[in-house]
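Student: fold the following, please.
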Amino acid sequence: MKHSPRIRTVVSCTALVVALGAGTTACGSDGHPLSAKPYDAAEEISFKGPAGDSEKSGKVDPDKPLEITSESDDGRITDVTATDASGRYVAGELAADGSRWHSTSPLAAGTHYTVRVSTEDEDGAPGRKVIGFDTSTPKTKKLLNVEFGPKAGKYGVGQPITAELSAPVKDKAARKVVERGLRVDSTPEVAGTWHWVDDKTLHYRPKEYWPTHATITAHSNLAGVRVGERLWGGNAKTVKITTGDRLIALTDAATHSMKVYRNDEVIKEIPVTTGKPGFDTRNGVKVVLGKEYFVRMRGTSIGIAEGSSDSYDLPVYYATRVTWSGEYVHAAPWSTGSQGYANVSHGCTGMSTGNAEWFFNTFNEGDIVKVVNSDGKTMDPFGNGFGDWNLGWKNWREGSALVAGSPDAPSPAQRARLRPESV
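Tutor: Below is the predicted model of the structure:
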């Protein structure tokens, strides 16, 4: 029986010519091809390095794709697995007829790779070949470092994951490389995606809020990977956070009341006052950014002229921040007569000192504060805190370089239901 398929492996502009020669008989002792020991699929390997120093070093250019092709009319490739020294897989696609496999994810610079090729001949006899090679390191390159946020700790279910890049990435192809390399995993598993806020900032969130008591880990696989012209993946420190209960404060500006939900059950109702006409509180979902026991609030900080009828300078306690521009949920003992009846604040949500102390001690970073029925505008998604949840899921996905315009994938729970069950 013949064992003559030939495989050519091309790494970048490097040619790894693999001749699949005869090694053993295709049939085992019982005459069945599948009982045979896989024959050596490479009788001869020829390696030509790209021009330049890499030719002398025998290393290959990581900027080019890895390609494996079969030159045989009566044999085919059945599987190709390529991994680096740390075990990271190189994604690839195999032609339906088994004639060609090529990588679809970039190679890393300065890395050793192992490629395992499986073949079969016209009689179904299996062949194997393992190929090793090293990629070169560019002489001049700029590193793209990544800083994940928030800091490690416990947060509410509304906390987005952020990634700050050390250099701008504008090209769509380069953005795809970045997204593929930045991973967010959660237990329990939940599907989510990145959204490009600007050229150096990405936010990650699931379709709905995070599960309660989840563990969420953000990490990067970009180290050594070519992102763009003279730009290579650099350092990134893994960040792990956990979530607590699902805490949501729902403020209705029309009824001047706040209902606080813990895991979808109302645990407290609070009379409040929100922004008066001209200073209407923003509608929409806001995420708690932090807490300050004491804040000096002055009208001049939001553009109110000192000495005007709307001017103020007040000591404020138990202030829970929801925007960077100065919107808080806080104690407002001067307006207790209006709380539950009228909106008289300059945009914040005011309540009695006792209720504000309770809110301050109950809510933490990442918890949800939502305002409805205000005459104010909707909270901006970005730039003034975490308004990420005010973007619908379709619009959120449009901010991804990878999934924009594609159908939404099934959730992990839906995928589990779709799996066939054994009888």
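
Student: all helices of the stretch 1-150 of the chain, in order?
Tutor: In the stretch 1-150 of the chain, the helices defined using DSSP state H, counting those that start in this stretch lie at 53-57.

Student: any low-confidence regions in it?
Tutor: Applying pLDDT under 70 to the stretch 1-150 of the chain flags residues 1-58, 71-73, 138-140.

Student: again, only this time at 50
Tutor: In the predicted model of the stretch 1-150 of the chain, residues 1-2, 4-35, 41-57 satisfy pLDDT under 50.

Student: please enumerate the strands of the stretch 151-300 of the chain.
Tutor: Along the stretch 151-300 of the chain, counting by DSSP state E, counting those that start in this stretch, strands occupy 153-155, 161-165, 182-187, 192-198, 201-206, 215-220, 226-228, 231-236, 239-243, 247-252, 257-262, 265-271, 284-287, 290-298.

Student: and the fifth one, which strands flank it?
Tutor: Spelled out, that is strand 201-206. Strands that pair with strand 201-206, judged by DSSP bridges, come out as strand 161-165 (antiparallel), strand 192-198 (antiparallel).

Student: same thing with the longest one?
Tutor: If you go by DSSP bridges, strand 290-298 pairs up with strand 313-321 (antiparallel).

Student: list the buried residues of the strand it pairs with.
Tutor: Residues of strand 313-321 classed as buried: Val316, Tyr317, Tyr318, Ala319, Thr320, Arg321 (neighbour count, 16 or more other Cβ atoms under 10 Å). The C-beta positions use only the backbone N, C-alpha and C, and glycine is treated the same way.

Student: next, format the residues you listed as a markdown table and append pLDDT.
Tutor: Output for the buried residues of strand 313-321, formatted as a markdown table (pLDDT from 0 to 100):
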| residue | pLDDT |
| --- | --- |
| Val316 | 90 |
| Tyr317 | 94 |
| Tyr318 | 97 |
| Ala319 | 96 |
| Thr320 | 97 |
| Arg321 | 96 |
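
Student: among the residues you listed, which pair sits farthest apart?
Tutor: By the measure Cβ to Cβ, Tyr317 and Arg321 form the most distant pair in the buried residues of strand 313-321, at 13.4 Å.

Student: neighbours around Gly75, how many?
Tutor: Residues near Gly75, counting by other Cβ atoms under 10 Å, number 25.

Student: swap in the one 3 residues further on?
Tutor: Per other Cβ under 10 Å, the neighbour tally for Thr78 reads 14.

Student: how about the strands paired with strand 201-206 in a markdown table, adding mean neighbour count, distance to Gly354 and mean pLDDT?
Tutor: Output for the strands paired with strand 201-206, formatted as a markdown table (neighbours: other Cβ atoms under 10 Å; distance: least, Cβ to Cβ, whole Å; pLDDT from 0 to 100):
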| stretch | mean neighbour count | distance to Gly354 | mean pLDDT |
| --- | --- | --- | --- |
| strand 161-165 | 20 | 35 | 98 |
| strand 192-198 | 20 | 38 | 98 |
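
Student: what's the closest of these to Ser118?
Tutor: Closest among those, once you apply Cβ to Cβ, is strand 192-198, at 33.3 Å.

Student: residues in contact with that closest one: which ones?
Tutor: With contacts defined as Cβ atoms under 8 Å, 6 or more residues apart in numbering, strand 192-198 is touched by 163, 175, 179, 182, 184, 186, 202-207, 382, 388, 391, 396-397, 399-403.

Student: now list the buried members of those residues.
Tutor: Neighbour-count burial (16+ other Cβ under 10 Å) applied to the contacts of strand 192-198 gives 163, 175, 179, 182, 184, 186, 202-206, 382, 388, 391, 396-397, 399-401, 403.

Student: residues contacting the residue nearest to Ser220 when sequence neighbours are not counted?
Tutor: Spatial nearest neighbour of Ser220, chain neighbours left out: Ala236 (3.5 Å); criterion: Cβ to Cβ, 6 or more residues apart in numbering. Going by Cβ under 8 Å, 6+ apart, Ala236 touches Asn145, Val146, Glu147, Phe148, His219, Ser220, Leu222, Ala223.

Student: can you check Val266 too?
Tutor: Neighbours of Val266 in contact, by Cβ under 8 Å, 6+ apart: Lys259, Val260.

Student: just the pLDDT for it.
Tutor: For Val266, the model assigns a pLDDT of 98.

Student: how about it: which residues does it bridge to?
Tutor: Tyr261.

Student: how near is it to Gly290?
Tutor: Distance, Val266 to Gly290, using Cβ to Cβ, to the nearest Å: 25 Å.

Student: and Val90, by the same measure?
Tutor: As judged by Cβ to Cβ, Val90 and Gly290 stand 42 Å apart.

Student: and the two? Which one has more around it.
Tutor: Set Val90 next to Gly290 and count neighbours by other Cβ under 10 Å: Val90 wins out with 19 against 12.

Student: how about Val130, nearest residue that isn't a chain neighbour?
Tutor: For Val130, the spatially nearest residue (Cβ to Cβ, 6+ apart) is Arg116, at 5.3 Å.

Student: thinking again about what came up before, could I get the strands of the stretch 151-300 of the chain as CSV with distance to Leu94?
Tutor: Converted to CSV, the strands of the stretch 151-300 of the chain look like this (distance: least, Cβ to Cβ, whole Å):
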stretch, distance to Leu94
strand 153-155, 42
strand 161-165, 32
strand 182-187, 24
strand 192-198, 27
strand 201-206, 31
strand 215-220, 28
strand 226-228, 23
strand 231-236, 26
strand 239-243, 35
strand 247-252, 47
strand 257-262, 50
strand 265-271, 52
strand 284-287, 44
strand 290-298, 51
